[in-house]
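Trainee: this one's structure only:
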């Protein structure tokens with residue numbers, strides 16, 4: 001069986017037509033080079049070199065073999081360049097998962113900033129419920145996820161990233177819109193439009209009702225934020241959504257919000273990835289970027305503040 005070390009010794013000796021020079025290039029002794037080539041000749045049952053004085057010359061068979069071996073070591077260089085490119089982030093793939101809210105309001109700015117720094121990295125953005133994004137980590141569909149911790153898995157590391165305020169939204173013409181704040185008992189009587197099962201918002205709202213020993217009157221559940229907002233505008237019910245996702249509608253007075261006495265519901269968001277799996281260079285780069293932006297246990301902040309930080313960072317580096 002051919003040995004890669006024998007081929008390497010042959011390649012350097014054939015290229016320089018000098019065993020001593022080959023030994024220098026390989027950082028081994030000249031007798032070691034000779035031994036590798038003699039072993040290769042025995043395996044092939046062919047004479048690869050002829051010697052005349054202090055010089056060595058390739059035989060016809062040696063020249064044919066050299067042509068093939070050159071291709072091996074040219075391709076080896078290509079492989080080395082590819083690996084170095086991946087390490088230096090000049091090539092690679094990033095697979096990141098997040099919630100639909102973050103996909104819309106955070107990821108465009110974050111990934112634009114990432115691509116300014118690493119323009120040759122390809123990105124696959126996966127969006128869905130927090131539960132789906134965590135499960136996709138376990139199935140190697142995502143390298144990193146920015147999500148809430150709706151389920152806990154031993155294999156997944158969760159680093160606190162942000163805390164988002166959940167806002168109770170209703171139509172400006174809704175009777176409760178006349179109040180500056182309402183009691184939980186008033187809320188509990190209203191039909192509620194819920195985010196889908198598995199979402200962080202749904203998990204947080206369920207906990208709110210459980211704390212108050214009450215069962216929500218769920219009119220509908222959906223992962224479509226725009227549908228929920230439209231139905232709330234039409235006074236079909238009330239809902240809880242992350243503040244930034246309804247900021248424009250509230251500013252345009254298409255929706256309004258009231259405080260809930262004694263409660264400030266919020267949604268904790270995490271940077272998640274598998275504990276015992278080495279992150280790829282692009283995944284490590286996005287984790288490092290996210291950790292620089294994280295607020296952890298700080299008070300609730302709007303995603304817009306974070307986006308502003310990203311844009312300011314980008315402008316500073318350009």
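Mentor: Nice, I can see it. This structure is a prediction, so every number in the text was calculated from the model and none was measured.

Trainee: check contacts around the closest residue to residue 189 other than its chain neighbours.
Mentor: Nearest residue to residue 189, sequence neighbours excluded (CB to CB, 6 or more residues apart in numbering): residue 217, at 7.4 Å. Any C-beta I mention is one placed from the backbone N, CA and C, and that applies to glycine too. Residue 217 makes contacts with 188, 189, 190, 191, 192, as judged by CB atoms under 8 Å, 6 or more residues apart in numbering.

Trainee: assumed the last one was part of a strand.
Mentor: Yes. Under DSSP: H, G, I helix; E, B strand; the rest coil, residue 192 falls within a strand.

Trainee: what bridges to it?
Mentor: Residue 192 forms beta bridges with residue 218, residue 238, as assigned by DSSP bridges.

Trainee: possible to save the contacts of residue 217 as JSON lines with pLDDT, distance to residue 168 and neighbour count?
Mentor: Converted to JSON lines, these look like this (pLDDT from 0 to 100; distance: CB to CB, whole Å; neighbours: other CB atoms under 10 Å):
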{"residue": "188", "pLDDT": "92", "distance to residue 168": "12", "neighbour count": "14"}
{"residue": "189", "pLDDT": "93", "distance to residue 168": "14", "neighbour count": "9"}
{"residue": "190", "pLDDT": "95", "distance to residue 168": "10", "neighbour count": "19"}
{"residue": "191", "pLDDT": "96", "distance to residue 168": "13", "neighbour count": "15"}
{"residue": "192", "pLDDT": "96", "distance to residue 168": "10", "neighbour count": "20"}
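
Trainee: output those in CSV, with distance to residue 5 appended to each entry.
Mentor: Output for the contacts of residue 217, formatted as CSV (distance: CB to CB, whole Å):
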residue, distance to residue 5
188, 76
189, 80
190, 77
191, 75
192, 71
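
Trainee: nearest to residue 55 among those?
Mentor: Nearest to residue 55, judged by CB to CB, of those is residue 192 at 90.1 Å.

Trainee: might one say that that closest one is in contact with residue 232?
Mentor: No. Residue 192 is beyond contact range of residue 232, at 9.8 Å (criterion: CB atoms under 8 Å).
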